[in-house]
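> one predicted model, sequence on top.
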Number of protein chains: 2
Amino acid sequence: MSPTTEPLTAERILAATEEVLRRHGPAKATVVDVARALGVSHGSVYRHFRTKAALREAVTKRWLDRTSDALAGVAAAERDPGERLRDWFWTLFEAKRHKAGDDPEMFATYQVLAGESGEVVGEHIDELTGQLTGIVAAGVASGAFTAPDPAATARALFHATGRFHDPGYAGEWTRPGVEDEFTAVVDLLMRGLRA
Amino acid sequence: MSPTTEPLTAERILAATEEVLRRHGPAKATVVDVARALGVSHGSVYRHFRTKAALREAVTKRWLDRTSDALAGVAAAERDPGERLRDWFWTLFEAKRHKAGDDPEMFATYQVLAGESGEVVGEHIDELTGQLTGIVAAGVASGAFTAPDPAATARALFHATGRFHDPGYAGEWTRPGVEDEFTAVVDLLMRGLRA
DNA sequence: CGACTGACAGTTTTCAATATCTGTCAGCTG
DNA sequence: CAGCTGACAGATATTGAAAACTGTCAGTCG
C-alpha cells in the first residue's frame, strides 16, 4: 500500500486491530494481519505491545471505556437520584442492546475478547458499580433511599439486573417482552430501595 | 458382561447413559458406548429413543426434575410467605452450589447438555417460576406482599436472582462473600415486595 | 410376533503431516 | 541511534485421509 510516513503509534495499531478483528473475526485475526494492514512488519507491532494478548486487552479496554464514559455523564447528572438511577439502568440496557443488535458479529467478537481479559472486565465492572454507588449514596443523602452500605447495595443492584446487561444473555434482548421484564425488575428494586 | 435377562427399559438406558456421560464426558459419550455398557447392540437403544439428541434430552430432564421436585416441597409448605420465599431462594442456591461444587465435572457435563436442550430447560424454568408465582400469590392473599401481577413479579424475582442459580455463573459461587451478595439481593427484592 | 442384531450409507471426529503464527533479536536503514 | 525489518525456534492452527459414529432396516432368534 501507500508507504505512509505517519509514525506508528499505539493508537494507530489499535484502530487497525479493530478493523482486522471486524474483517477476520477473533479466531483468525493475527498480529501479522494487523502489521500488513499498517504496511509494517509484525516485529514493529511488538515494539508497542509486548504480546498479542496485551494488544487484544488494549482493544477490549478501549471498547469497554466507551460504555463507561457514556454512563458517567448520566451518573453525574444533577437530578433526583430515583430518576437518575432509573435513567442509568435504562441507558446501560439500551447501549448494550444496540451494540448487540446493530452489529452482532462485532458484539460476538468483543464477547470473546472480554472472555480472554478477565482483569480488564473486572475493572470495568468496578467502574460501573462505582458510578452506581455514587447515585445510591446521593439518594441516601437526600433521604429518598434507605441503604446501610451504599457500595454493597450498588453491587446488589448490578447483580440483580445482570440479565439485562451481561453479554451472556444478549440472545434474550431481542425477544418481545424484554422491556417489560426489565421494567418489572427495576421497579421491584427501586421499591426495595426507597426509604 | 453377564448376559442380563432383565428387559431393556428406558429407565435402564437413562441410567447407563448417565454413567457413560460421567466416564467419557459430553463430547465423547456415544450411543455405542451406552449400548456396550448395557450389553446390547446400539440398534436396541434406538428402539427406545428416536435420536441421540432425544436420549440426551431425557437425561437432562431427569436431572432438572430432581431440583424442581426438591423445591416443590418448599414452595408448598404451610408457612409465612415471606419466610417461604426466602427459604425457596436459599434452597435453590444451595442445591445448585452443591451440585457445582461437589462434582464439578458432572456439573459441567450437564451444563453442556442443558445448552443443547433449550426446550427442556425452558419447561424447567417455567416450572420454577410457577412455584414462585404460587408463593407470591399467597403473600398477596395474606396481605404481606404487594404485586399487581404475581406471575410477572415471579419472573422478575427469578431474573433478578439469576446470578445465584444460572449455571453460567457457577464459577462465582465459590468466591468468598457470595453468600452476603446473595443475601443483599434477596433482602432488596423482599423489601420491594412488601405491602 | 415382538424384541433384538449387525451390516450399511452418510456424516462427523480423529490424527498426523503441513502450514502458519507468535515472540525474539541481530542487523539494517534513514 | 531510534525505529524498523525479517529470519528463526517453538507453539498453534489447518487440512485431508482414515476411523468412528449415527440412524435405518432387512433379517434372526426365542
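All right, it came through fine.
> drop to CA atoms for contacts and neighbour counts, all remaining ones
Will do.
> buried stuff in stretch A:49-67?
A:55-61, A:64, A:67 (16 or more other Cα atoms under 10 Å in any protein chain shown).
> neighbours of the residue nearest to residue A:173 when sequence neighbours are not counted, how many?
Leaving aside its chain neighbours, residue A:173 sits nearest to residue A:97 (6.4 Å; criterion: Cα to Cα, 6 or more residues apart in numbering or on different chains). A total of 19 residues lie near residue A:97 under the criterion other Cα atoms under 10 Å in any protein chain shown.
> got a pLDDT number for residue A:97?
For residue A:97, the pLDDT comes out at 97.
> and it, that one's in a strand?
No. Looking at residue A:97 with DSSP: H, G, I helix; E, B strand; the rest coil, it is helix, so not inside a strand.
> okay, the buried residues of stretch A:49-67 in TSV with distance to DNA strand D and pLDDT next?
Formatted as TSV, the buried residues of stretch A:49-67 follow (distance: Cα to the nearest atom of the strand, whole Å; pLDDT from 0 to 100):
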residue	distance to DNA strand D	pLDDT
A:55	15	97
A:56	14	97
A:57	17	97
A:58	18	97
A:59	19	97
A:60	19	97
A:61	22	97
A:64	24	97
A:67	29	95
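> just put those residues in TSV and tack on secondary structure.
Formatted as TSV, those follow (three-state DSSP):
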residue	secondary structure
A:55	helix
A:56	helix
A:57	helix
A:58	helix
A:59	helix
A:60	helix
A:61	helix
A:64	helix
A:67	helix
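> which of the residues you listed come close to DNA strand C?
Residues of the buried residues of stretch A:49-67 in contact with DNA strand C (Cα under 7 Å from any atom of the strand): none.
> now residue A:176, what's its secondary structure?
For residue A:176, the secondary-structure state derived from three-state DSSP is coil.
> need the phi and psi values for it.
phi -60, psi 140 (degrees, to the nearest 10).
> please apply the same query to residue A:194.
According to degrees, to the nearest 10, residue A:194 has phi -70, psi 150.
> could you check how far it is from chain B?
Computed as Cα to the nearest Cα, to the nearest Å, the residue A:194 to chain B distance reads 8 Å.
> isn't that residue up against residue A:146?
Yes. Using Cα atoms under 8 Å, residue A:194 is in contact with residue A:146, at 5.8 Å.
> now do the buried residues in stretch A:165-179.
So for stretch A:165-179, counting by 16+ other Cα under 10 Å, buried means A:165, A:167, A:170, A:173, A:179.
> which residue packs closest to residue A:64, ignoring adjacent ones?
Closest residue to residue A:64 apart from its sequence neighbours, by Cα to Cα, 6+ apart: residue A:124 at 6.7 Å.
> give me the neighbour count for the one you found.
If we define neighbours as other Cα under 10 Å, then residue A:124 has 17 of them.
> give me the residues contacting the strand or helix carrying residue A:53.
Here residue A:53 is covered by helix A:52-76, with elements defined by DSSP states H and E. Helix A:52-76 is touched from outside by A:14, A:17-18, A:31, A:49, A:84-85, A:87-88, A:91-92, A:95, A:110, A:113-114, A:116-117, A:120-121, A:124, A:127-128, A:131-132, A:134-135, with contacts defined as Cα atoms under 8 Å, 6 or more residues apart in numbering or on different chains.
> and that helix, how far out from the chain middle?
The chain centroid and the centroid of helix A:52-76 are separated by 6 Å under Cα atoms, centre = their mean, to the nearest Å.
> and the helices in chain A?
Using DSSP state H, the helices of chain A run over A:10-28, A:31-38, A:42-48, A:52-76, A:81-102, A:104-116, A:118-141, A:150-160, A:178-193.
> gap between residue A:129 and residue B:49?
49 Å (Cα to Cα, to the nearest Å).
> count the residues that sit near the residue of chain A found nearest chain B.
Using Cα to the nearest Cα, the single residue of chain A nearest to chain B is residue A:192, 3.5 Å away. Residues lying near residue A:192 (other Cα under 10 Å) number 21.
> re the thing from before, can you say which of the helices of chain A is nearest to residue B:25?
Closest approach to residue B:25 among these (Cα to Cα): helix A:104-116, 23.4 Å.
> related to what we said a few turns ago, so which of the contacts of helix A:52-76 reach DNA strand C?
Answer for those near DNA strand C (Cα under 7 Å from any atom of the strand): residue A:31.
> report the buried members of the contacts of helix A:52-76.
So, by 16+ other Cα under 10 Å, the buried ones in these are A:14, A:17-18, A:31, A:84-85, A:88, A:91-92, A:95, A:110, A:113-114, A:117, A:120-121, A:124, A:127-128, A:131-132, A:134-135.
> can you pull the domain assignment for chain A?
A:10-48, A:53-193 (automatic domain parsing).
> quick check, residue A:185 in contact with residue B:162.
No. If you go by Cα under 8 Å, residue A:185 and residue B:162 don't touch, sitting 11.7 Å apart.
> report the set of residues contacting both of those two.
With Cα under 8 Å, 6+ apart, residue A:185 and residue B:162 have common neighbours residue A:160.
> interface residues of chain A facing chain B?
A:152-153, A:155-157, A:159-163, A:181-182, A:184-185, A:188-193 (Cα under 8 Å from any Cα of the partner chain).
> any idea how many residues pack against the residue lying closest to residue A:155 once chain neighbours are set aside?
For residue A:155, ignoring the flanking residues on the chain, the nearest one in space by Cα to Cα, 6+ apart is residue A:129 at 6.0 Å. Applying other Cα under 10 Å, we find 21 residues neighbouring residue A:129.
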